[in-house]
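> coords below, sequence missing:
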DNA sequence: TTTACATATCTAGAATAATAGATATGTTAA
DNA sequence: TTAACATATCTATTATTCTAGATATGTAAA
């Protein structure tokens, strides 16, 4: 079981206090249903590229990049670079640990 | 099982994105350990009065009142008036429902 | 019926977050 | 190499949150 510092509750809650960021996490649960197929690779094993996420939200590229960086800093998502593209996938262990921590601490 | 609208994730996460508010929720889990006994009543059945919460945080009265109002608006705590004092206790059902919703939706 | 007290609300300044345009960085293709 | 592209970072503006002092409201005691 992954240990999440109780102080992280605040940091992760900050990420979840924005609807777009919550939606991104939800969409990444099921990329096949929520995004078109990638061109260079035929799977979503490393997640979804930034451009697709941006298109889906309708927000600017810089805003989405900022959001994804914040989510990555909170360890909620994991980036992988493939050529020109950065793919983001959920960090299931941290998400689960966060919910477990809430169950215990909150 | 209480239904929590997925949109409430954002509202409740906003409450939890502040360390003082998280602490208040934690303290209210075990008032006997975290607060002195009340004068007029010899129990914490309806929670803890605002003044005690304010003392514990060290923040101003108006700030704590604002926090408690926000937490009440998010249904995380329940107020009860006894004479001059307002007591706040946790809304366990909503807290549990929030965590359940996160488990399913997030 | 004043006075004191507990809490809520109003008002405002400071701090932080949201957001996008411009620019920089890193990658691939020509 | 240059050019094109994907993403990240910088800069700046607007919006929201934090926080407290001042004031209002509601309750109980004198």
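Here it is on my side, so go on. Quick caveat, the model's predicted, so the values are computed rather than measured.

> Stretch A:65-82 and chain B, any residue contact?
No: Stretch A:65-82 lies out of reach of chain B by Cβ under 8 Å from any Cβ of the partner chain, never closer than 9.6 Å. The C-beta positions use only the backbone N, C-alpha and C, and glycine is treated the same way.

> Near DNA strand C, which residues of chain A? Just list them.
With Cβ under 7 Å from any atom of the strand as the criterion, chain A comes near DNA strand C at residues A:14, A:17-18, A:20, A:59-63, A:66, A:70, A:81, A:83-84.

> Now with 6 Å, please.
A:14, A:18, A:20, A:59-60, A:62-63, A:66, A:83-84 (Cβ under 6 Å from any atom of the strand).

> Does at least one residue of stretch A:45-55 sit close to chain B?
No: Stretch A:45-55 is not in contact with chain B by Cβ under 8 Å from any Cβ; minimum separation 15.9 Å.

> which residues in chain A form helices?
Using DSSP state H, the helices of chain A run over residues A:8-16, A:19-29, A:31-34, A:50-57, A:61-73, A:92-105.

> Of the ones you listed, flag the one that's most buried.
Among these, ranked by average contacts under mean count of other Cβ atoms under 10 Å in any protein chain shown, first place goes to helix A:8-16 (a mean of 20).

> Now do that helix: which elements does it pack against?
Applying 3 or more Cβ pairs under 8 Å, 6 or more residues apart in numbering or on different chains; DSSP states H and E, one finds that helix A:8-16 makes contact with helix A:19-29, helix A:61-73, helix A:92-105, helix B:8-16, helix B:19-27.

> tell me the angle the third one makes with helix B:8-16.
I take that to be helix A:92-105. 60 degrees (axes from the mean of the first three to the mean of the last three Cα atoms, to 10 degrees).

> tell me the angle helix A:92-105 makes with helix A:19-29.
Using the same axes, to 10 degrees: helix A:92-105 against helix A:19-29 is 120 degrees.

> Please apply the same query to the last one.
Here the directions of helix B:19-27 and helix A:19-29 differ by 70 degrees (the same axes, to 10 degrees).

> Beta-bridge partners for the spatially most central residue of chain A, please?
Nearest to the mean C-alpha position of chain A, by Cα atoms, centre = their mean, lies residue A:77 at 4.0 Å. As for beta bridges, residue A:77 partners with residue A:90 under DSSP bridges.

> Now do it, the pLDDT please.
The model reports residue A:77 with a pLDDT of 98.

> cool, residue A:7 as well?
The model reports residue A:7 with a pLDDT of 57.

> Same check on residue A:3?
At residue A:3, the model reports a pLDDT of 74.

> For it, which non-adjacent residue is closest in space?
Distances taken as Cβ to Cβ, 6 or more residues apart in numbering or on different chains place residue A:97 nearest to residue A:3, at 7.1 Å, with adjacent residues excluded.

> just to revisit the earlier point, most widely separated two among the residues of chain A next to DNA strand C?
A:14 and A:83 (31.9 Å; Cβ to Cβ).

> which ones are touching the residue nearest to the centre of chain A?
Applying Cβ atoms under 8 Å, 6 or more residues apart in numbering or on different chains to residue A:77 gives the contacts A:24-25, A:28, A:47, A:68, A:71, A:88-91.
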